[in-house]
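Student: Here's a sequence, model it:
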Amino acid sequence: LRNHFLGGGEGVPSSVAFADLPESVKTEIMRIQEEFKDEVPDEITNLVTSFSWMATHDSHAGRLGVFETVLESERKRLAARASLKALFEK
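Tutor: Next up is the predicted model:
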């Protein structure tokens, strides 16, 4: 992929939309995702996606907004887990 952009003479961009990638690269990315999807729990996938979104925001406020959403989601998940645990401990 890096060679694709360097070969164009414009250098490597700081970000690229999936739709703008060459078809061969899109196919390879989807193949890798399919290969490893069962090996990575959904929680980790969600965290990686959220932190990727944070990294692409131009503003600090945007990054904080994503981080706040991640924290709230995790708080709810842990609260649900604690409730279920308490149910089965009685």
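Student: CA only for contacts and neighbour counts going forward, please
Tutor: Will do.
Student: For whichever helix or strand T49 is part of, name the packing helices and strands.
Tutor: Secondary structure here is read from DSSP states H and E; on that basis T49 sits in helix 42-56. Here helix 42-56 touches helix 60-89, going by 3 or more CA pairs under 8 Å, 6 or more residues apart in numbering; DSSP states H and E.
Student: pLDDT below threshold where in the chain?
Tutor: Low-confidence segments of the chain, defined by pLDDT under 70, span residues 1-14, 39-40, 90.
Student: again, only this time at 90
Tutor: 1-59, 62-63, 65-67, 69-71, 73-74, 77-78, 80-90 (pLDDT under 90).
Student: List the buried residues in the helix holding T49.
Tutor: Neighbour counts over helix 42-56 (16 or more other CA atoms under 10 Å) mark S50, M54 as buried.
Student: from the middle of its chain, how far away would that helix be?
Tutor: If you compare the mean C-alpha spot of helix 42-56 with that of the full chain, they lie 3 Å apart, counting by CA atoms, centre = their mean, to the nearest Å.
Student: just stretch 23-38 next, same as before
Tutor: Remark: stretch 23-38 is offset 14 Å from the chain centroid, using CA atoms, centre = their mean.
Student: CA atoms of it as CSV?
Tutor: Taking Å, rounded to 0.1, in the frame of the first residue of the first chain, the C-alpha atoms of stretch 23-38 are listed here in CSV:
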residue,chain,number,x,y,z
GLU,A,23,-9.3,-3.0,-5.2
SER,A,24,-6.5,-5.4,-4.4
VAL,A,25,-5.8,-3.7,-1.1
LYS,A,26,-9.5,-3.7,-0.1
THR,A,27,-9.8,-7.4,-0.9
GLU,A,28,-6.7,-8.1,1.2
ILE,A,29,-8.0,-6.1,4.2
MET,A,30,-11.4,-7.8,4.0
ARG,A,31,-9.7,-11.2,3.8
ILE,A,32,-7.6,-10.5,6.9
GLN,A,33,-10.6,-9.2,8.8
GLU,A,34,-12.6,-12.3,8.0
GLU,A,35,-9.6,-14.6,8.9
PHE,A,36,-9.3,-13.0,12.4
LYS,A,37,-12.8,-12.0,13.3
ASP,A,38,-13.5,-15.1,15.4
